[in-house]
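J.: Structure of the sequence below:
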Amino acid sequence: MDYRIGFGYDIHKFALKRKLMLGGVNIPFTRGLLGHSDADVVLHALCDALLGALGEGDIGRHFPPGDPAYRNIQSLTLLKHVARLLQKKHFAVRNADVMVILEKPKISPFVAEMRKRIGAVLKADRKLISIKATTHEGLGSIGAGKAAAAYAVALIVKTRS
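T.: Now for the predicted structure:
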């Protein structure tokens with residue numbers, strides 16, 4: 001079997017008058033993340049992990065941040081593109097693990113929906129998608145509540161030659 005591992009990371013700062021999108025879910029909060037797209041750090045890190053496992057570069061190569069076509073785009077749309085690339089190259093997600101780092105809000109009430117949406121896009125059982133969160137213990141920009149970040153690792157497997 002041809003197994004491949006990819007790693008991804010993303011960080012965005014918080015801003016007023018933005019929706020907080022994490023894992024494709026709109027999280028009720030007073031601020032959202034600032035970016036060219038919806039700035040969903042969960043999906044950006046996951047896209048990078050999957051693209052890396054495929055040897056296909058990073059999210060910026062596929063969706064350049066200065067390109068008006070991607071202005072305010074939903075990151076689930078970006079993940080759909082990555083899912084099509086996986087399928088085209090005959091790979092499937094074996095599992096993915098995402099660590100979200102932010103002080104507030106607590107995301108545990110939304111994790112099941114995130115896993116469901118990501119699993120649907122990747123055509124993977126949501127049991128194969130792990131999303132968890134931690135704080136930065138008051139340290140740095142994330143700890144001061146000025147930013148949120150996510151790390152992701154993904155294992156993909158070749159489905160046919």
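
J.: contacts, neighbours, all on C-alpha from now
T.: Fine.

J.: from what I can see Asp58 touches Leu51, true?
T.: Yes - using C-alpha atoms under 8 Å, Asp58 is in contact with Leu51, at 6.0 Å.

J.: And these two? Which one has more around it.
T.: Shown here are Asp58 and Leu51; by other C-alpha atoms under 10 Å, Leu51 has more neighbours (24 against 18).

J.: Distance check, that one against Ala15.
T.: 28 Å (C-alpha to C-alpha, to the nearest Å).

J.: and what of Thr77?
T.: Distance from Thr77 to Ala15, by C-alpha to C-alpha: 22 Å.

J.: Which residue is the nearest non-sequential neighbour of His36?
T.: Arg71 (5.3 Å; C-alpha to C-alpha, 6 or more residues apart in numbering).

J.: let me redo that: Gly57
T.: Nearest to Gly57 is Leu51, by C-alpha to C-alpha, 6+ apart, at 6.0 Å.

J.: for the one you found, what are its contacts?
T.: 6, 57-59, 82 (C-alpha atoms under 8 Å, 6 or more residues apart in numbering).

J.: secondary structure element for it?
T.: Secondary structure from DSSP states H and E places Leu51 in helix 41-54.

J.: With just CA atoms, put that helix into CSV.
T.: What follows is helix 41-54, C-alpha atoms only, in CSV (Å, rounded to 0.1, in the frame of the first residue of the first chain):
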residue,chain,number,x,y,z
VAL,A,41,-7.5,28.1,10.0
VAL,A,42,-8.8,24.5,10.5
LEU,A,43,-9.5,24.0,6.8
HIS,A,44,-6.4,25.9,5.6
ALA,A,45,-4.2,23.7,7.8
LEU,A,46,-6.0,20.6,6.6
CYS,A,47,-5.7,21.6,2.9
ASP,A,48,-2.0,22.2,3.4
ALA,A,49,-1.6,18.8,5.1
LEU,A,50,-3.4,17.0,2.2
LEU,A,51,-1.6,18.9,-0.5
GLY,A,52,1.7,18.2,1.2
ALA,A,53,0.9,14.5,1.4
LEU,A,54,0.2,14.6,-2.4
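
J.: starting at the chain centroid, how far to that helix?
T.: 6 Å (C-alpha atoms, centre = their mean, to the nearest Å).

J.: Show the subsequent helix or strand relative to it.
T.: Helix 41-54 is succeeded, C-terminally, by helix 59-62 (DSSP H and E).

J.: Chain neighbours aside, what residue packs nearest to the residue nearest the centre of the chain?
T.: In the chain, the C-alpha nearest the mean C-alpha coordinate belongs to Leu43, at 1.6 Å (C-alpha atoms, centre = their mean). Closest residue to Leu43 apart from its sequence neighbours, by C-alpha to C-alpha, 6+ apart: Gly23 at 5.6 Å.
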